[in-house]
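[1] what's the 3D shape of this:
(chains A and B)
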Number of protein chains: 2
Amino acid sequence: MQICCSAGLLLISCLFLVPSASGVLQLPSPWGFRCDATKGICIKKERTGVDTLQTLNRCKLNCDRKGVLWPYPKSVSLGSDTVEFIPTNVTKNIIAHPQVESLLLEAMQIFQRNLHMYHPKFVENEAAWAGPWDPETLAHKLHIDITVTGQDTRLTLDTDESYRLDVVTSDSQTTAQIAAQTFFGARHALETLSQLVEYEENRETLMILRSVNIHDEPAFKYRGILLDTSRNFFTVKEIERTLDAMAANKLNTFHWHITDSHSFPMHLANLPKMTYYGAYSSSQIYYPSDIRNIVHYGRVRGIRVLPEFDAPAHVGNGWQWAEQQGLGKLAVCVNREPWQSYCVEPPCGQLNLANPKMYDVLGQIYNGMVDLFSPIDLFHYGGDEVNLNCWNTTDEIVNWMNEQGNGLTEDAYYNQWSIFQEKSRQLFTDANNKQEVPGIIWTSHLTEAGRADQYLSNSKYIIQIWTTDSDPLIGELLDKKFRVIFSNYDHWYLDCGVGAWVGEGNNWCSPYKGWQAVYDNSPLKIAANLTTTYDPALILGGEAALWSEQVDGTSLDSRLWPRGAALAERLWSNPSNNWEPAETRFIHHRQRLVQRGIQADRIQPQWCHQNEGLCYL
Amino acid sequence: MQICCSAGLLLISCLFLVPSASGVLQLPSPWGFRCDATKGICIKKERTGVDTLQTLNRCKLNCDRKGVLWPYPKSVSLGSDTVEFIPTNVTKNIIAHPQVESLLLEAMQIFQRNLHMYHPKFVENEAAWAGPWDPETLAHKLHIDITVTGQDTRLTLDTDESYRLDVVTSDSQTTAQIAAQTFFGARHALETLSQLVEYEENRETLMILRSVNIHDEPAFKYRGILLDTSRNFFTVKEIERTLDAMAANKLNTFHWHITDSHSFPMHLANLPKMTYYGAYSSSQIYYPSDIRNIVHYGRVRGIRVLPEFDAPAHVGNGWQWAEQQGLGKLAVCVNREPWQSYCVEPPCGQLNLANPKMYDVLGQIYNGMVDLFSPIDLFHYGGDEVNLNCWNTTDEIVNWMNEQGNGLTEDAYYNQWSIFQEKSRQLFTDANNKQEVPGIIWTSHLTEAGRADQYLSNSKYIIQIWTTDSDPLIGELLDKKFRVIFSNYDHWYLDCGVGAWVGEGNNWCSPYKGWQAVYDNSPLKIAANLTTTYDPALILGGEAALWSEQVDGTSLDSRLWPRGAALAERLWSNPSNNWEPAETRFIHHRQRLVQRGIQADRIQPQWCHQNEGLCYL
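    Numbers count the residues shown, from 1 in each chain, chains lettered A, B, ... in the order given. From the prediction side, this is the model:
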């Protein structure tokens, strides 16, 4: 009995074993799974002699009509049978323009790496392990045919991310046909294809559905994750892992809040003193090669790396070098105390509107950033949380305001801030080889009721909303034809709900946003509650934000994932349902992220994964 | 300029460098630190020519009068100077009974490993790296003299954990003299010694305070962390990492809630079917060698591994094998639906009081556990959250109750439960070679107002309190002379504050318990609010609980740490102050845990660590 099970293909009859001499029972377990097709869930059963129970992975592949696809496609039809293959036996044929083909070759490598990670023994020791396979499994090939018609490799707000994916199987080969207008559609198809595959533990192979037809496109064009690398630093490896997880969820924008008042980790070859003074340490700097690698790492995963240079507030450390060099103060209120009077959190700092040299340096920063993040098709100017008291208690600025005849009213300062914003936009556009690209800006005093269209042009600026889902401002901005991105903190701020870091109690935006709250945050429904006349095309999408006051590499993954996946399905599929019908698929998807090396947080006891539908309220 | 800095000892004059041809500035940074002795914090300053600024690590070693010691010792005096040495140059001399010496040799290895982990280059590549050291540093020796007078190697509730540690330095040697009554005191001294050492980044050495006098002992005898390995499974490596972190905080009890109704991962050689039916999978089992290794791993780190076998509720999966074997049902309501009627969370399950064979198997389980966890000086019987409706809707039990003439009142069931508890205690004592040891039991219906002394003996049972800090029951239990352990969920349940796992919203014991709330939870103050006549010796200590419905290895460290360290100082030092004066020391200690490979959560921006005292409210 033991012999037949320790080598070669496992037979069903081997599954029922008695205790060995050592008292250790042989596994696999006495349990198996059977699909309840009406409910779309897999039911755990005890094996009884020769039966038709499946492994959980096999059962889940197509028990739900959406399979284990996450985010689920626009249109999907899954066959009932599977075929087994080994992860090394994959071939491809690509028809595409050379520059697209080059990206697709990298995307294929990522696809193959993902397949390998599904298989526990391949990850550990691919070369040395011969496997227990029969000749048929060994010979079965997964062949991927990719056709991309377009030749543009830039990801803009107009890029077509749709794709078709058709899987057919003959005796010895499964063929996946992928057709897309762009590289980005095709790489999404590869991601979907990788979710038609699972590990078959009883046979130590992979398995794939024999026959599948999918066509798919996202509901929203902008699907983002914000990471703040200024409050705390993240290594390049940690950022790459974040991009891996985003790719697995078809998120397409890594919004890099790279600097802030706390630290300046972005090394600029033309302004090296910014990091010299502003980095937390010499090992906590993004050098130009790091940044260029990250931009490329994102691109081949279908992700734009969107740089934010937050100004005129949220600056500070890093700017101290200028005074010694005779440039005067470029930033004021840097680390000023008591911080409560001059900013929203320690440390304070704002750009010095009265010093024209500030604009010279800002232009140099933009030059440096264009060089690092090229090509830039979208840019984030930040622009939130200016503290007027900082400026209004700084002699140099007060004198300048008076000299200019502006006066010192709030409106006078807002006006100067909007002039700063317009100058910044011009400096950036000059730096970006005169190419105008849409600018994003946070909701702020400048966008408050009645102000946005006074200070900002709706053709030039996209507004990122971080207030709540009931804020009437959202209706006003849409009525004024501003394009918007949703990051309302009451659902999509992933840093909320831990202990406070100034004072005691819990942090400002507590409580914690569970995955259900993330999933149920529908931009279209929010908008419909606040205005009746808006054009849905103005809603570009949304973004979950991980501000990093209280997170670094030790808990990055578990704060972002799997909640970022809940965001992803909202933005890709825009389901009409709430989280409930998605739950078992979500839990399984979390397991997949873990298989791929993402330290995604546990949402439920493992018992719930093995006993689907029973962890209800 | 560059040459003098790229090899050999760094000179102060090398710290001020200009941009190199590549535009990359050489570091270290323009910043240094100076101690403000009145406040006990290190102030960040810009370097100005030849100055006396220190690195942050150097400054922190003795700027606060408690240094960076965590938990802080009962009595401590730190010298002002440091001396540099390299982590390989450590010698020892041990005077102790052979069985104690054997443990001390292992503790010394752990000490040396910790020193190595402080040094970034030693961790990576110890053998190959020659270092930049001068002959004096290379020659300087850290010599450790340990004297332990007692010979007992068991950790009981009477064990003396105190120690003396005196450090003196001559030209070529720093001598640390450690004197303790027991192994446990001596290993705590080694832990304290390792906290007198920091990495000196400018010289790539370690440094230690030249002169120190400490005597120290814990305020409470029981200082625990609970980990639940049934709701979700944790690997042996993850448990060992938890023990490493506990050791760094002088916590002495790893309360292993090893089984529950969800899964049964504890492999018993005499009952292998418990895991065969009850483990989540064949790779999620603790085999006997795993458990014995963990018990030993804890012991050499000063930690008792306290097993809990929770009964008569919180059982279920794993017990299904018995019916097939003709033993009848040993557990009832297993996975019964709707779960809300039969237990507090899915899945349900309770032992079958009506089946005498249940006691046979329970006795076998205890036999197996004594074999695995030996020597056992303390045992946890669980005993919480019995659902009377489960028993009272199970025909077999209802009939049995009626046949016995007990009736079906609540009190009748409580009485049977207390009889079960007494039988369990006898079975365990028999299994434990007739050696009676204190039993711990959770607060439950059995301990509610007026009941505890009716059902339980205060000489045999210690009560673990998991209600709130204002529960009058605490006063009653103390007045009735029960020994107690505090785990009040409103401060010491570390699983609270994430999204719900049944239904939506956040989990039952939300909000999240920040480190400040953990630190400020004083058992003595709580008791004093609820009774005026209690004997403080009845309060054995406390424990933070990590119930694992929503955590597995991906976020284990960040849920437990650094909050577990806040618990540790409360229980070891029992400070009269609240968290505020401890904050900067706490943040630094968190960094130390990370250096030692613990993925402790970030509490604040790194800016706060470098700008002590400025992240206040």
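
[2] contacts and neighbour counts: CA atoms only from here.
    Will do.

[3] residues contacting the closest residue to A:Gly278 other than its chain neighbours?
    Distance criterion Cα to Cα, 6 or more residues apart in numbering or on different chains; nearest residue to A:Gly278, sequence neighbours excluded, is A:Gly318 at 3.4 Å. Contacts for A:Gly318 (Cα atoms under 8 Å, 6 or more residues apart in numbering or on different chains) come out as A:Ser263, A:Phe264, A:Lys273, A:Met274, A:Thr275, A:Tyr276, A:Tyr277, A:Gly278, A:Ala279.

[4] can I get those in TSV including neighbour count?
    TSV is the format used below for those (neighbours: other Cα atoms under 10 Å in any protein chain shown):
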residue	neighbour count
A:Ser263	31
A:Phe264	29
A:Lys273	23
A:Met274	24
A:Thr275	27
A:Tyr276	27
A:Tyr277	21
A:Gly278	30
A:Ala279	25
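
[5] can you lay out the residues you listed as CSV showing distance to A:Ala582?
    Below are those laid out as CSV (distance: Cα to Cα, whole Å):
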residue, distance to A:Ala582
A:Ser263, 40
A:Phe264, 40
A:Lys273, 50
A:Met274, 46
A:Thr275, 45
A:Tyr276, 48
A:Tyr277, 48
A:Gly278, 44
A:Ala279, 43
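
[6] ok, of these, which one's closest to A:Gly150?
    Of all those, A:Phe264 has the smallest distance to A:Gly150: 39.0 Å, by Cα to Cα.

[7] which element is the residue nearest to A:Gly278 on?
    For A:Gly318, there is no host helix or strand (DSSP states H and E).

[8] now swap in A:Asp490 and tell me
    Going by DSSP H and E, A:Asp490 is part of helix A:489-492.

[9] give me the residues contacting that helix.
    Helix A:489-492 is contacted from outside by A:Trp466, A:Thr467, A:Thr468, A:Asp469, A:Cys509, A:Lys513, A:Ala517, A:Val518, A:Asn521, A:Glu543, A:Ala544, A:Ala545, using Cα under 8 Å, 6+ apart.

[10] out of these, which are inside strands?
    A:Glu543, A:Ala544, A:Ala545 (DSSP state E).

[11] so the last one bridges to which residues?
    The one in question is A:Ala545. Beta-bridge partners for A:Ala545, by DSSP bridges, are A:Leu226, A:Tyr493.

[12] what is the neighbour count of the residue nearest to A:Pro536 when sequence neighbours are not counted?
    Excluding the flanking residues, the one nearest A:Pro536 by Cα to Cα, 6+ apart is A:Leu524, at 7.2 Å. By other Cα atoms under 10 Å in any protein chain shown, 13 other residues sit near A:Leu524.

[13] A strand includes A:Leu524, no?
    No - counting by DSSP: H, G, I helix; E, B strand; the rest coil, A:Leu524 is located in no strand; its state is helix.

[14] does it touch A:Asp535 like I think?
    No - assessed by Cα atoms under 8 Å, A:Leu524 is found out of contact with A:Asp535, at 10.2 Å.

[15] grab the nearest non-local neighbour of A:Gln416.
    Spatial nearest neighbour of A:Gln416, excluding adjacent residues (Cα to Cα, 6+ apart): A:Leu353 at 7.9 Å.

[16] in chain A, which helix or strand is least confident?
    One helix or strand of chain A scores below all others by mean pLDDT, DSSP states H and E: helix A:2-6, with a mean of 32.

[17] moving C-terminal from that one, which element do we reach first?
    From helix A:2-6 onward toward the C-terminus, using DSSP H and E, the following helix or strand is strand A:31-36.

[18] from the chain's centre, how far out does that next one sit?
    34 Å (Cα atoms, centre = their mean, to the nearest Å).

[19] which neighbouring elements make contact with that strand?
    strand A:41-46, helix A:56-62 (3 or more Cα pairs under 8 Å, 6 or more residues apart in numbering or on different chains; DSSP states H and E).

[20] dump those to a markdown table, plus mean pLDDT and distance to chain B.
    What follows is the helices and strands packed on strand A:31-36, written out as a markdown table (pLDDT from 0 to 100; distance: least, Cα to the nearest Cα, whole Å):
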| stretch | mean pLDDT | distance to chain B |
| --- | --- | --- |
| strand A:41-46 | 96 | 9 |
| helix A:56-62 | 97 | 11 |
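
[21] just those: most buried one?
    Stretch with highest mean neighbour count among the helices and strands packed on strand A:31-36: helix A:56-62 (a mean of 23; mean count of other Cα atoms under 10 Å in any protein chain shown).

[22] other SSEs contacting that helix?
    Contact partners of helix A:56-62 among helices and strands, from 3+ Cα pairs under 8 Å, 6+ apart: strand A:31-36, strand A:41-46, strand A:197-200.

[23] need the CA coordinates for whichever helix or strand comes after it. PDB is fine.
    Once helix A:56-62 ends, the next helix or strand along the chain (criterion: DSSP H and E) is strand A:75-78. The C-alpha trace of strand A:75-78 is given here as PDB (Å, rounded to 0.1, in the frame of the first residue of the first chain):
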ATOM      1  CA  SER A  75     -17.900  38.200 -19.900                       C
ATOM      2  CA  VAL A  76     -16.700  34.700 -19.000                       C
ATOM      3  CA  SER A  77     -17.600  31.100 -19.800                       C
ATOM      4  CA  LEU A  78     -15.600  28.300 -18.100                       C
END
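
[24] now the element after strand A:75-78, going C-ward?
    Next in sequence after strand A:75-78, counting helices and strands by DSSP H and E, comes strand A:82-85.

[25] average pLDDT across that next one?
    Average pLDDT, strand A:82-85: 97.

[26] quick one: list the elements packing against whichever helix or strand comes after that strand.
    Remark: after strand A:82-85, the chain's next helix or strand is strand A:90-95, criterion DSSP H and E. On a contact count with 3+ Cα pairs under 8 Å, 6+ apart, strand A:90-95 meets helix A:98-118, strand A:141-148.

[27] buried stuff in the helix or strand harbouring A:Leu427?
    Following DSSP H and E, one finds A:Leu427 within helix A:410-431. The neighbour-count check on helix A:410-431 (16 or more other Cα atoms under 10 Å in any protein chain shown) flags A:413-415, A:417-418, A:420-421, A:424-425, A:427-429, A:431 as buried.

[28] filter those residues down to the ones close to chain B.
    Filtering the buried residues of helix A:410-431 for proximity to chain B by Cα under 8 Å from any Cα of the partner chain leaves nothing.
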